[in-house]
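# A structural model of the following input is requested.
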Amino acid sequence: MPEVLSLLGSTILLRPYVFIFLAVYVLAGAVHMGWRRTLAYIPLGYGLAWISELASIHWGFPYGDYYYIHDTMGRELWVLGVPFMDSLSYVFLSYCSYSMAIFVLSPVLFCARGCFILETRSLRRGWSTLLLGALLFVLLDIIIDPVALQGYRWFLGQIYGYRSPGVYFGIPMSNFGGWLLVGLALVAALQCLDRVSSLDDPASVYCRPWSWVCLAGPALYLGVLAFNLSVTFWIGEHLMGTVGLLILFYAGLVAFFFTVYKQARITPSDVTAHVDDFPLSPAIVLLDSGRPEEHAEDAEVPQGSVEQP
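Purely as a prediction, here's the structure:
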């Protein structure tokens, strides 16, 4: 046990960026899902990710035939041939993908009173959130994996490789198929946790003083992308970085216009459905004695663009 704790400490010192992202996940998840679900998901998400990586390095499924290079085995924690920090990263990567999917699919209101993501329990647990969350999880890997494969050129180090290099900057297409399957499993695990009533916190998970905190999960998603793209350009991989920016530009453009579209079509029933599921949500202020449309007009949308139910 002392040796494990020592390796864990050296892992934190060697991979501080992983644990910074993990800390942001804990804070974002706590205000979104509650402390109990947030903490429960760490071992659950880690376990699913670790199993997928262990299966791939031994049997080539689900990511394809790849291997880990054990150069840092004495300097950081490994678990049966898999770097501890690698499987741990899946926890915050899958959560922020899930959170971003909820943001994209939910009615969203930006107004003078703040930002309100008017999600519902049914949307959290729905098939559209499951599928979009998994696809957004794959989108992260499209940006992350090429620069991670160049780890010998930056502070990650060369920790893995593919026995048969693929067409996308050395990444085989099987890798993205594996991320889709694992993403579906991880987002489904988050949805299952949302259904476990014993994990409900005594106070509503939406009981928070600042409405803008609801953007912490999507901000984590964008932060991970920004970090990996910055490293990509920093090591001089301009083509790789430009391709990543182009992919994100078109995806981001669709998300932006869809958000503007939703913003102009907020209805009082959207607010009511959200508050019914989360009675202590900051969005309660939008009800304003039964007149949420007045707050929707603060969002600087055209007069009459807020639809009535």
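# burial measure for D194, as a count.
Each residue near D194 was counted by other Cβ atoms under 10 Å, and the total is 17. C-beta: built from backbone N, CA, C; applies to glycine.
# residues making contact with whichever strand or helix holds it?
Using DSSP states H and E, D194 sits within helix 173-195. The contact list for helix 173-195 (Cβ atoms under 8 Å, 6 or more residues apart in numbering) reads 33, 37, 40-41, 44-45, 48-49, 52, 56, 61-64, 66, 90, 94-95, 97-98, 101, 121, 124-125, 129-131, 133-135, 137-138, 141-142, 145, 162, 166-168, 199.
# immediately after that helix, which helix or strand?
Sequence-wise, the next helix or strand downstream of helix 173-195 (DSSP H and E) is helix 216-234.
# dump that following helix to CSV, restricted to CA.
C-alpha atoms of helix 216-234 as CSV (Å, rounded to 0.1, in the frame of the first residue of the first chain):
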residue,chain,number,x,y,z
ALA,A,216,-19.1,24.2,-16.1
GLY,A,217,-19.6,20.8,-17.9
PRO,A,218,-19.7,22.3,-21.4
ALA,A,219,-16.8,24.6,-20.5
LEU,A,220,-14.8,21.5,-19.4
TYR,A,221,-15.5,19.9,-22.8
LEU,A,222,-14.2,23.1,-24.6
GLY,A,223,-11.2,23.3,-22.2
VAL,A,224,-10.1,19.7,-23.1
LEU,A,225,-10.3,20.5,-26.8
ALA,A,226,-8.4,23.8,-26.4
PHE,A,227,-5.6,22.1,-24.4
ASN,A,228,-5.0,19.4,-27.0
LEU,A,229,-5.2,21.8,-29.9
SER,A,230,-2.7,24.1,-28.2
VAL,A,231,-0.3,21.2,-27.7
THR,A,232,-0.8,20.2,-31.3
PHE,A,233,0.3,23.6,-32.6
TRP,A,234,3.0,23.9,-30.0
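# mind checking how far it is from the chain centre?
11 Å (Cα atoms, centre = their mean, to the nearest Å).
# buried ones in that helix?
For helix 216-234, burial by neighbour count (16 or more other Cβ atoms under 10 Å) applies to 216-221, 223-225, 227-229, 231-232.
# OK, contacts around the residue positioned nearest the centre of the chain?
The residue lying closest to the centre of the chain (Cα atoms, centre = their mean) is C96, at 1.5 Å. When contacts are counted by Cβ under 8 Å, 6+ apart, C96 touches 25, 28, 217-218, 220-221, 224.
# burial count for C192?
12.
# with L184 instead?
16.
# ok, now how distant is it from L136?
12 Å (Cβ to Cβ, to the nearest Å).
# for the contacts of C96, which one is nearest H70?
Taking Cβ to Cβ as the measure, H70 lies nearest V224 of the contacts of C96, at 25.8 Å.
# list the contacts for that closest one?
Counted by Cβ under 8 Å, 6+ apart, V224 has contacts 21, 92-93, 96, 140, 144.
# got the residues you listed as a markdown table, with secondary structure columns?
Converted to a markdown table, the contacts of V224 look like this (DSSP: H, G, I helix; E, B strand; the rest coil):
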| residue | secondary structure |
| --- | --- |
| F21 | helix |
| F92 | helix |
| L93 | helix |
| C96 | helix |
| L140 | helix |
| I144 | helix |
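# between the residues you listed, which sits nearest T267?
C96 (28.1 Å).
# what's the pLDDT at the closest one?
You'll see C96 listed with a pLDDT of 98.
# what does H70 give?
Here the pLDDT value assigned to H70 is 87.
# may I have the phi/psi pair for it?
Torsion angles at H70 (phi, psi; degrees, to the nearest 10) stand at phi -90, psi 30.
# do you know how far the residue nearest to the centre of the chain is from V24?
9 Å.
# joint contacts of these two?
L220.
# measure Y41 to Y63 for me?
Separation of Y41 from Y63 (Cβ to Cβ): 22 Å.
# hmm, I was thinking of L27
L27 sits 30 Å away from Y63, going by Cβ to Cβ.
# neighbour count for these two, which is higher?
Y63 (25 against 14).
# quick one: the more buried one from G236, how far?
On the measure of Cβ to Cβ, Y63 and G236 end up 27 Å apart.
# quick one: distance of stretch 35-46 to the chain centre.
Taking Cα atoms, centre = their mean, one finds the center of stretch 35-46 at 14 Å from the center of the full chain.
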